[in-house]
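**Student:** what's the 3D shape of this:
(one chain, ligands or ions: 1)
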Amino acid sequence: MGLTTNQILQNQSSTKDTPLLQVKDLRKYFSVGKQQLKAVDGLNFDIYKGETVGLVGESGCGKSTAGRTIIRLYEPTEGEVLFEGKNIYKHTPREMSELRKNIQLIFQDPYASLNPRMTIEEVVSEPLVIHGVVKGVAKRKRVEELVELVGLSTDHLNRFPHEFSGGQRQRVGIARALALNPKFIVCDEPISALDVSIQAQVVNLLKSLQKEMGLTYLFVAHDLSMVKYISNRILVMYLGKMMELADSETLCNQPLHPYTQALLSAVPIPDPTLKRERIILKGDVPSPINPPSGCVFRTRCPKAMDICASVVPEWVEQKSGHFVACHLY
Ligand code: SF4
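**Tutor:** All right, here's what the predicted structure looks like:
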């Protein structure tokens, strides 16, 4: 027997405090002509204060849309997101404006997300100006604190984004996201546009800021090696649906779902004496306009069975805190 939305959330929270954020049966469909593109199709999970939940999957699996719907940059088609117990989709514009101080987004592309005509000081102070939090000397002081917090110098404040490297621009984006002292940040593929050598620096910065400021992250990415490094728990998505959820170590060492196993087989092992068999998935992610019947992963699954074409696998707790949607379990 599978679990209802409330049972899933109750089980996930059985050993922990009240969640900071609860995602309940969240769906986001886009109209494409007369058809519907099901980008997010039934997400249920919690995020606790101070933790990082990694959201992984290939391009087109709906993870970025999920991140943006969770912070209400997109209106949902169905479902709820409770932040500190309140459904954010029912907030008035004034309540949303207050909420925006607590919920921020770090963008994927630091090149595109910074206005090229604004100085770094203007970029970082923009949220302070929009929300009218501080002015004048206090504003300048806050901006100086923020750039130093992310490892930049106050000498950089009068420069423009094009004068910086990709890693430095992402630091500027992080400083801007921190300006209002948020509690929760969606990091939307924050390192995928950066050189590999810079990726670890940015992830380490996010980790140390989390410790220092008690931040909570939803870390959206397709690279499981970095997600494993920063996340407490990992949720694997495919075609808008949840495939597997567990703490990072369990998910990476004992993956249950064939899709998770395939994603992990592509992660390089640092020890050259160890070998891992690479699982090559056939074809691309199918169109979310016309997803496969039964298990949405079945057209690419090396372990697919007859039942997989006709019956949607239920979301079951296989071991404590380890959930999977697959007929093998
Ligand atoms: Fe593969 Fe079937 Fe499991 Fe889907 S339900 S992942 S097709 S074995």
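
**Student:** Just give the number of residues close to the residue of the stretch 51-200 of the chain at minimum distance from the ligand.
**Tutor:** For the stretch 51-200 of the chain and the ligand, the shortest gap (C-beta to the nearest ligand atom) falls at Gly57, measuring 13.5 Å. (C-beta placed from N, C-alpha, C; glycine too.) Neighbour count of Gly57, defined by other C-beta atoms under 10 Å: 27.

**Student:** Next, the contact list for the residue nearest the centre of the chain, please.
**Tutor:** Closest to where the C-alpha atoms of the chain average out (C-alpha atoms, centre = their mean) is Val220, at 2.9 Å. With contacts defined as C-beta atoms under 8 Å, 6 or more residues apart in numbering, the neighbours of Val220 are Gly54, Leu55, Val56, Lys63, Ser64, Ala66, Gly67, Val186, Cys187, Asp188, Glu189.

**Student:** quick revisit: close enough to count as contact, the residue of the stretch 51-200 of the chain closest to the ligand and Val236?
**Tutor:** Yes. Counting by C-beta atoms under 8 Å, Gly57 does reach Val236; the two are 6.2 Å apart.

**Student:** what touches both of those two?
**Tutor:** By C-beta under 8 Å, 6+ apart, the residues touching both Gly57 and Val236 are Met243, Leu263.

**Student:** Using the three-state scheme, assign the residue in the stretch 101-250 of the chain positioned nearest to the ligand.
**Tutor:** Taking C-beta to the nearest ligand atom, the ligand has its nearest neighbour within the stretch 101-250 of the chain at Met243, 7.4 Å off. Look at Met243: counting by DSSP: H, G, I helix; E, B strand; the rest coil, its state is strand.

**Student:** So what's the gap between the longest helix along the chain and the chain middle?
**Tutor:** Using DSSP state H, we find that the single longest helix of the chain is helix 196-213. On the basis of C-alpha atoms, centre = their mean, to the nearest Å, helix 196-213 sits 15 Å off its chain's mean C-alpha point.

**Student:** for that helix, what is the average pLDDT?
**Tutor:** Mean per-residue pLDDT for helix 196-213: 92.

**Student:** how many other residues sit next to whichever residue of the stretch 151-300 of the chain sits closest to the ligand?
**Tutor:** Across the stretch 151-300 of the chain, the shortest distance to the ligand (C-beta to the nearest ligand atom) belongs to Cys295, at 3.1 Å. If you count neighbours by other C-beta under 10 Å, Cys295 ends up with 27.

**Student:** you'd agree it is up against Cys326?
**Tutor:** Yes. Using C-beta under 8 Å, Cys295 is in contact with Cys326, at 7.2 Å.

**Student:** Common neighbours of those two, please.
**Tutor:** Both Cys295 and Cys326 are in contact with Pro313, where contact means C-beta under 8 Å, 6+ apart.

**Student:** and stretch 265-285, how far from the chain's centre?
**Tutor:** Here stretch 265-285 is found 23 Å from its chain centre; the criterion is C-alpha atoms, centre = their mean.
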